[in-house]
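# sequence unknown, structure follows:
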């Protein structure tokens, strides 16, 4: 559900702005932030942080995350 809300927010932002917002987008316990340099971070209570890069092609946003921490048994 979070992904649908986040994508709807992004599509809405893209339809009214030429670039992604650089201010944090907060949805419940999650915070998504886009840096104008092309990187993003996603943090949330109880979840490991996710970081990576983003690109915009037309009305589509592509997120490419960096490798996260390896799980240990």
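Thanks, I have it. Because the structure is predicted, anything quoted here is derived from the model rather than measured. Residues are numbered from 1 along each chain as shown.
# select the helix or strand of the protein having the lowest average pLDDT value.
Sorting the helices and strands of the chain by mean pLDDT, DSSP states H and E puts helix 2-16 at the bottom, at a mean of 56.
# which helices and strands does whichever helix or strand comes after it pack with?
Under the assignment DSSP states H and E, the closest C-terminal helix or strand after helix 2-16 is strand 25-27. Under the contact definition 3 or more CB pairs under 8 Å, 6 or more residues apart in numbering; DSSP states H and E, strand 25-27 sits against helix 2-16, strand 30-35. Placement of C-beta: from N, CA and C, glycine included.
# what comes up buried for strand 25-27?
Across strand 25-27, burial judged by 16 or more other CB atoms under 10 Å covers residue 25.
# over to stretch 32-46?
32-34, 40, 42.
# check stretch 46-53 too.
Neighbour-count burial for stretch 46-53 flags 50, 52 (criterion: 16+ other CB under 10 Å).
# now it: average pLDDT?
Taken as a whole, stretch 46-53 has a mean pLDDT of 91.
# with adjacent residues omitted, what lies nearest to residue 22?
Closest residue to residue 22 apart from its sequence neighbours, by CB to CB, 6 or more residues apart in numbering: residue 36 at 5.6 Å.
# name every strand pairing with the biggest strand by length in the chain and say which way it goes.
Across the chain, the longest stretch assigned as strand under DSSP state E is strand 47-57. Strand 47-57 has its sheet partners listed here by DSSP bridges as strand 39-44 (antiparallel), strand 60-65 (antiparallel).
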